[in-house]
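Q: need a 3D model of the sequence below.
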Amino acid sequence: NRHNRYRDGALPTRTTLQSPGAMAERRLITGVDTSCAPDLKSLLEQVHSEDFDFVAVPLVHPRHRRDAASVGTAAKRSGAFTRSDMLLPSSTWTSAVVGKLSRWLWPALEGMGENGEFSQVRRNAEDTLKQELAWASHLSLPAVLFPGLPDRCVNTARLINQTVQ
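A: Sure, this is the predicted structure:
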C-alpha cells in the first residue's frame, strides 16, 4: 500500500487544478503532505516514481524554531535555519515543492501580553512568519500552506498583507 511508504505519517493529498487557458483540458495534480523530509531529494524521487506531482514539506525544521534574535537556541546554533536552496534545481523548487509554515506560529501571532502590550513571543512569531514567507518567495515556491487559522486572525491577515505587497 503506497500510503504506508512515507515516513512521519505522510498521507497523499489530492488536489484538482485546471490548466489556465485550456478550459477543456483538465489534469489531476496530486501530492504528498509530510511533516518532515530529512532527505528531500530522495523523497521527491520516491513521490515522482509513484506518479505524484509534488511534496508539501515544512519550510523550517521544527528543531530550528526561531527565538529572540540574540538569545536562546537560535543564537547558539551554527549554520542556516533551514535546508539550502542549492539542494534542488530551481525548476524543481518551482514545480514540485509546496512549503508549509511553522505550526507553532498560531496562536502566537494573535497573542497579547498582559495589559494588552505586544509580547516577545508575538514579535518573534511575526519575525518568523516574515522570514518563512521571504524564504518561500526566494525559492519561488508555487504555494505555501498555512496551518488552520483561528476564527479571529486580524494580526495574521495584516502581516500577510504587508509581506506579500
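
Q: going forward, measure contacts and count neighbours with C-alpha atoms only.
A: Fine.

Q: wait, what's in contact with the nearest residue to Asp33 once chain neighbours are set aside?
A: Leaving out its chain neighbours, the residue that sits closest to Asp33 by CA to CA, 6 or more residues apart in numbering is Ala56, at 4.6 Å. Counting by CA atoms under 8 Å, 6 or more residues apart in numbering, Ala56 makes contact with 31-34, 97-100.

Q: got the contact list for the biggest helix by length in the chain?
A: Counting residues, the longest helix found in the chain (DSSP state H) is helix 120-139. Around helix 120-139, the neighbours that count as contacts under CA under 8 Å, 6+ apart are 59-60, 66-68, 85, 90, 93-94, 99, 101, 105, 108-112, 144, 159, 163.

Q: taking those residues one by one, which sit in strands?
A: 99, 144 (DSSP state E).

Q: show me the helices in the chain, by range?
A: 40-49, 72-76, 90-96, 105-108, 120-139, 154-164.

Q: now stretch 53-66: how far from the chain's centre is it?
A: How far stretch 53-66 lies from its chain's middle: 5 Å, per CA atoms, centre = their mean, to the nearest Å.

Q: spatially central residue for the chain, please.
A: Among the residues of the chain, the one closest to the centroid is Lys100, at 1.9 Å (CA atoms, centre = their mean).

Q: of the contacts of Ala56, which is the most crowded?
A: Among the contacts of Ala56, the one with the most neighbours (other CA atoms under 10 Å) is Val97, at 27 neighbours.

Q: that residue touches Pro142, doesn't it?
A: Yes: using CA atoms under 8 Å, Val97 is in contact with Pro142, at 7.4 Å.
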